[in-house]
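S.K.: Fold the following and give me the result.
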Amino acid sequence: MNSSFTEFRGNISCLKSNSSDIFKHQVYPAAYILIFVLGLVGHSLSICVFYSQWRTQKSFTPVSVLMVNLLVSDLMLVSSLPLRVSYYMLDSHWIFGNITCRVISYVFYLNMYSSVYFLVALNILRYLALVRPYLYIRIQTHYVAGIVCALIWLFMGLACSPLLFTQKKNHDPNSFRCLELAESNVDQLLLINNVTFPVGFVFPLVAVIFCSVLVAKNLLRPSPALGRTRPCRKKACALVIISLGIFLVCFMPYHIVRTIFLTTEKDIQTNVYKDSCDFVLIVRKVAVIAHCLCTANSCLDPILFFFVGENSRSFFAKWTGGRKKITYTAGRNPQQKELQVLQK
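M.R.: Reported below is the predicted structural model:
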């Protein structure tokens, strides 16, 4: 399961074409640079927000704990992008060593699947806050959130660990190539894909859709007793759209195209396509685009940070000279305040 979906040389004539190589050398550097800049700016602002919250409260609420872990995951991937850019700018020549090459692939999948489950956890918390508020208050402690985050890191770290031991393929003694798919790994990667597709994508997507539907249904139901207004509900519905949008725009195309790509590369080994390479080249180019969309999740998460937490909006209102309306009553603790924010 190679992060860049790049091709290997086969035994049919169309594989000698370098059009897909040219395409990825044009697209990857531009996409990675854009994602790096946007991610660096967005996450730098997010760090300021979380630091401001920590300095004021000396602790994090459960939602903030999840978002901080999501931030760390994103920063790992964003920090690795300059190495990827240099690889493609140097015409697929890796100069950073074998260990770094393996770590780069490991970081990509660790970020992707940890981000998936952090988003699932955030959606579950929002569902509980809106639909089961009393249950939410009973289980809402930063210790529970910390345990959930630790389990996600542990599970994803172990699940992605085989990438640290994957053999990379050299095409010549003087050029070490990284981020490439070796033909000897295709069968193994297809098997891994058959497991990761339902566990790493289908199940989380179903969980997010389930929570989003129930949250939207709750938000759209008139609740005058709770003092909710229609504008607040529209803003909360935006939270549902953002998290679901990240799944549909970033993760869905990648997992679908990856399955098609690996199946196609497997068929190439059996010479299914013979001398017809149009479909193969299209799949490879679409795979490049899908990979870029998946990587872009690391620069879209700050949008989620802004809409999820009251602290983010207060922070930007303060620095832009705006005045944030105080909606909390005296005597409420941070957890009760967060519950009110999630219920808006």
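S.K.: which stretches of this protein have low pLDDT?
M.R.: Of all residues in the chain, those with pLDDT under 70 make up the ranges 1-18, 58-59, 141-142, 166-175, 222-236, 238-239, 271-276, 308-344.
S.K.: repeat that with 80
M.R.: 1-20, 51-61, 129, 134-142, 165-177, 181-185, 216, 218-240, 268-277, 305-344 (pLDDT under 80).
S.K.: Scan it for its longest helix.
M.R.: When every helix of the chain is counted residue by residue (DSSP state H), the longest turns out to be helix 19-57.
S.K.: Burial check on residue 134, number of neighbours?
M.R.: 7 (other Cβ atoms under 10 Å). C-beta here means a position set from N, CA and C on the backbone, and glycine is covered the same way.
S.K.: meant to ask about residue 87, not that
M.R.: Counted with other Cβ under 10 Å, the neighbours of residue 87 add up to 25.
S.K.: on that earlier part again, next structured bit after the longest helix of the chain?
M.R.: Later in the chain than helix 19-57, the nearest helix or strand by DSSP states H and E is helix 62-89.
S.K.: Let me know the angle separating that next one from helix 19-57.
M.R.: Using axes from the mean of the first three to the mean of the last three Cα atoms, to 10 degrees, one finds that helix 62-89 and helix 19-57 are set 150 degrees apart in direction.
S.K.: 54 is where my numbering starts, stick with that
M.R.: With 54 as the first residue, the last one maps to helix 115-142.
S.K.: What's the first helix or strand after helix 115-142?
M.R.: The helix or strand immediately downstream of helix 115-142 is helix 151-184, counting by DSSP H and E.
S.K.: and that following helix, which residues are buried?
M.R.: Buried residues in helix 151-184, defined by neighbour count with 16 or more other Cβ atoms under 10 Å: 154-183.
S.K.: re the thing from before, could you say what helices and strands the longest helix of the chain packs with?
M.R.: Secondary structure elements in contact with helix 72-110, counted by 3 or more Cβ pairs under 8 Å, 6 or more residues apart in numbering; DSSP states H and E, are helix 115-142, helix 331-348, helix 350-361, helix 363-372.
S.K.: residues of that helix that come out buried?
M.R.: For helix 72-110, by 16+ other Cβ under 10 Å, it's 73, 77-78, 80-82, 84-85, 88-89, 91-92, 95-96, 98-99, 102-103, 105-106.
S.K.: what angle sits between that helix and helix 350-361?
M.R.: Between helix 72-110 and helix 350-361, the angle formed by their directions is 30 degrees, by the same axes, to 10 degrees.
S.K.: chain center to helix 72-110: distance?
M.R.: Its chain's average C-alpha position is 12 Å from that of helix 72-110, according to Cα atoms, centre = their mean, to the nearest Å.
S.K.: how near is residue 88 to residue 352?
M.R.: Here residue 88 is placed at a distance of 5 Å from residue 352 (Cβ to Cβ, to the nearest Å).
S.K.: which residues are common contacts for those two?
M.R.: Shared contacts of residue 88 and residue 352 (Cβ atoms under 8 Å, 6 or more residues apart in numbering): residue 131.
S.K.: okay, now the closest residue to residue 350 other than its chain neighbours: neighbour count?
M.R.: Beyond its immediate neighbours in the sequence, the residue positioned closest to residue 350 (Cβ to Cβ, 6 or more residues apart in numbering) is residue 303, lying 4.0 Å away. Residue 303 sits with 22 neighbouring residues when counted by other Cβ under 10 Å.
S.K.: do the same with the one 10 residues further on
M.R.: Neighbouring residues of residue 313 were enumerated by other Cβ under 10 Å; the total is 14.
S.K.: And for residue 197?
M.R.: Taking other Cβ under 10 Å as the neighbour definition, residue 197 ends up with a count of 12.
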